[in-house]
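Student: kindly generate the corresponding structure for this input.
(one chain, ligands or ions: 1)
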Amino acid sequence: AVARLTLDPSFAVGPVDRRLFGSFVEHMGRCVYTGVFEPGHPRADPDGLRTDVLDLVRELGVTTVRYPGGNFVSAYRWEDGVGPAGDRPRRLDLAWRSIETNAFGLNEFMRWAGLAGAEPMMAVNLGTRGVAEAAELVEYCNVDGGTAAADLRRKHGVTRPHDIRLWCLGNEMDGPWQIGSRTADEYGRLAARAGHAMKRVDPSIELVACGSSGADMPTFAAWEATVLEHAYDQVDYLSLHTYYDPERYDDASFRASAVHLDAAVDAVLATADHVRARLRRTKYIRLALDEWNVWYQSRLVEPEDRGIEDTPALIEDDFTVTDAMVVGNLLISMLRHADRLAVGCQAQLVNIIAPIRTLPGGPAWRQTIFHPFAHTARLARGTVLRPALTAPVMTTGRYGDVPAVDAVATHDGTRLTVFAVNRGTAPVTLHLDLRAFGGHTPGEHVMLAGDPHLTNTAAHPDRVTPSVHRSTTEVLLPPVSWHAIGFTTEETS
Ligand code: AHR
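Tutor: Numbers count the residues shown, from 1 in each chain. Okay, here's the model as predicted:
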């Protein structure tokens, strides 16, 4: 079978926003404790931050990290996690029914983010708390000094403001599982009021309102419309969360998960633009896909069905080659929407459905999904280009017939990278038509392929790694494979 892809430097979608390559650290399971933070680990720094994990985070190329939740944030008191370690309370975390020691909090996270080279994306609790606590947190973080909250931060040894730009107004507030969940009207009003107060503290911050917790929720789209009716003027972004379960639908539907993401992004944008028209506003709302990934969610043991534990090993899924191809394809979908999709946070960073896994006291390793993320974050530069693509079709149970090959490209004037997947079970030869670029020379072709069921484990951490070849304009795409195909082109403006 054959696929044909034609590219032209003028088929521009928009600039590659580096915030698309974000991730997420939640106080959940072993993401923080024995994940990023493990005092006494042989590779921990004097503050207990695991340097082996930090090395992998930098290699992954993560640009933005959302913190501290997730469901966790909806019952969290940020004050518990600042100040002298010995004074911090042990709390029962209601989201995951775990013990939260508060040994790691805001200022530890900010130090970690600085070492990781990542921009923080801070979430406020709009489940059990409200306007005053949200505004006070912005004051603690972003005001230089001379006010109670800012001086408290100074007293905690952080003399310079953290200057956090990006803020989430709560998390998944339509989810019945969320502590303090709300109706769309309740949440929309609260988000508008909290956002208003937070921007009074620091007008330069950017705010993300919660969209519905998923495109399959009964609230989807109606929730977004109502929330924006209330909060359009205060917010800059609307969140979208999406997870794909390899065991929920037929195999082909899972492999074509990016079809679902494309439709979800388009639906949220259409809803936001509908509200824009109704309110007669000129500003466009952009999207923050601030939780996305593959997740074997049907294996989740609900918090109600577990006992209360200290640092439980929750949702530590082992990812396969197929899962990595799907992650690579979701990144292609995200790039395709670069004109309106501004932030992406893969959920989560360490241990929790994560590209990086650790053992307590032991090693850290790269899961299969680490590789397409790391190479996309490294290679996607400049402007996203929309290709003209013809490809053989594959039949899926959920989406009908869809193209077996999906692709997008980026170009920074001379460096062209084509990101492509074969999500079908038959090989496809991909012909690239690059005539519009004038001359071009081959570069690196990074490929992830092989037995679709293979995983990386602590005992076999590098069983699945990409192979690197010289690029050509006639590329064999093996079944279930991910590719980044690079060229150097003549300079174009
Ligand atoms: O990422 C795991 C959980 O999934 C998050 O806490 C929540 O926001 C989502 O439902």
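
Student: so how far is stretch 27-46 from its chain's centroid?
Tutor: 21 Å (Cα atoms, centre = their mean, to the nearest Å).

Student: could you dump it to PDB, C-alpha only?
Tutor: What follows is stretch 27-46, C-alpha atoms only, in PDB (Å, rounded to 0.1, in the frame of the first residue of the first chain):
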ATOM      1  CA  HIS A  27       0.300  14.600  44.500                       C
ATOM      2  CA  MET A  28      -1.000  11.200  43.500                       C
ATOM      3  CA  GLY A  29       0.500   7.700  44.200                       C
ATOM      4  CA  ARG A  30       4.200   7.800  43.600                       C
ATOM      5  CA  CYS A  31       4.500  10.800  41.200                       C
ATOM      6  CA  VAL A  32       5.900  13.100  43.900                       C
ATOM      7  CA  TYR A  33       7.000  10.800  46.700                       C
ATOM      8  CA  THR A  34       9.600   8.300  45.400                       C
ATOM      9  CA  GLY A  35       9.100   9.800  42.000                       C
ATOM     10  CA  VAL A  36      10.500  13.300  41.700                       C
ATOM     11  CA  PHE A  37      11.200  13.500  45.500                       C
ATOM     12  CA  GLU A  38      12.900  10.900  47.500                       C
ATOM     13  CA  PRO A  39      15.200  12.000  50.400                       C
ATOM     14  CA  GLY A  40      17.800   9.300  51.100                       C
ATOM     15  CA  HIS A  41      17.800   8.000  47.500                       C
ATOM     16  CA  PRO A  42      21.400   7.500  46.300                       C
ATOM     17  CA  ARG A  43      20.800  10.000  43.500                       C
ATOM     18  CA  ALA A  44      18.800  12.500  45.600                       C
ATOM     19  CA  ASP A  45      20.300  16.000  45.900                       C
ATOM     20  CA  PRO A  46      20.500  17.700  49.400                       C
END
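
Student: in it, what counts as buried?
Tutor: Neighbour-count burial for stretch 27-46 flags 27-38, 41, 44 (criterion: 16 or more other Cβ atoms under 10 Å). From N, CA and C alone the C-beta is placed, and that goes for glycine too.

Student: turn these into CSV, including pLDDT.
Tutor: Compiled in CSV, these are given as follows (pLDDT from 0 to 100):
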residue, pLDDT
27, 98
28, 97
29, 97
30, 98
31, 98
32, 98
33, 98
34, 98
35, 98
36, 98
37, 98
38, 98
41, 98
44, 98
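
Student: farthest pair in those residues?
Tutor: Based on Cβ to Cβ, the longest span within the buried residues of stretch 27-46 runs between 28 and 44 and measures 20.4 Å.

Student: wait, residue 246 touches residue 321, no?
Tutor: No: assessed by Cβ atoms under 8 Å, residue 246 is found out of contact with residue 321, at 11.6 Å.

Student: more neighbours: those two, which one.
Tutor: Set residue 246 next to residue 321 and count neighbours by other Cβ atoms under 10 Å: residue 321 wins out with 24 against 21.

Student: need the helix or strand of this protein with the lowest average pLDDT.
Tutor: Scoring the helices and strands of the chain by mean pLDDT, DSSP states H and E places strand 309-310 at the bottom, with a mean of 90.

Student: which non-adjacent residue is nearest residue 274?
Tutor: residue 225 (6.5 Å; Cβ to Cβ, 6 or more residues apart in numbering).

Student: the one you found: how many residues sit nearby?
Tutor: 15.

Student: looking at this, it is in a helix?
Tutor: Yes: assessed by DSSP: H, G, I helix; E, B strand; the rest coil, residue 225 belongs to a helix.

Student: which residues touch it?
Tutor: If a contact means Cβ atoms under 8 Å, 6 or more residues apart in numbering, then residue 225 has 271, 274-275 as its contacts.

Student: residue boundaries of the strands in the stretch 101-250 of the chain?
Tutor: 119-124, 166-169, 206-209, 237-244 (DSSP state E, counting those that start in this stretch).

Student: how about the residue in the stretch 1-150 of the chain positioned nearest to the ligand, nearest residue that isn't a chain neighbour?
Tutor: Nearest residue of the stretch 1-150 of the chain to the ligand: residue 70, at 3.1 Å (Cβ to the nearest ligand atom). Using Cβ to Cβ, 6+ apart and skipping residues adjacent in sequence, the residue nearest residue 70 is residue 26, 3.5 Å away.

Student: the one you found touches residue 354, doesn't it?
Tutor: No: using Cβ under 8 Å, residue 26 makes no contact with residue 354, being 10.5 Å away.

Student: show me how this structure divides into domains.
Tutor: Domain assignment for the chain by automatic domain parsing gives 4-8+385-489, 17-379.

Student: return the most buried member of those.
Tutor: Ranked by mean neighbour count, the domains of the chain are led by domain 17-379 with a mean of 20 (mean count of other Cβ atoms under 10 Å).

Student: quick one: residue 382 from residue 6, how far?
Tutor: As judged by Cβ to Cβ, to the nearest Å, residue 382 and residue 6 stand 19 Å apart.

Student: how about the residue of the stretch 301-450 of the chain found nearest the ligand, what does it touch?
Tutor: Of all residues in the stretch 301-450 of the chain, the one sitting closest to the ligand is residue 347 (4.1 Å; Cβ to the nearest ligand atom). Contact partners of residue 347, counting by Cβ under 8 Å, 6+ apart, are 23-24, 26, 70, 241, 243, 291-293, 295, 353.

Student: repeat the analysis, applying 10 Å as the threshold.
Tutor: 22-26, 28, 31, 66, 70, 241-243, 289-293, 295, 353-354 (Cβ atoms under 10 Å, 6 or more residues apart in numbering).

Student: just the contacts of residue 225 now: which is nearest residue 446?
Tutor: The closest of the contacts of residue 225, once distances to residue 446 are taken by Cβ to Cβ, is residue 271, at 36.5 Å.

Student: surely that closest one is within a strand?
Tutor: No: read with three-state DSSP, residue 271 is helix and lies in no strand.

Student: and the pLDDT at residue 493?
Tutor: On the pLDDT scale, residue 493 is placed at 63.

Student: wait, residue 490
Tutor: 86.

Student: cool, and residue 467?
Tutor: Residue 467 carries a pLDDT score of 98 in this model.
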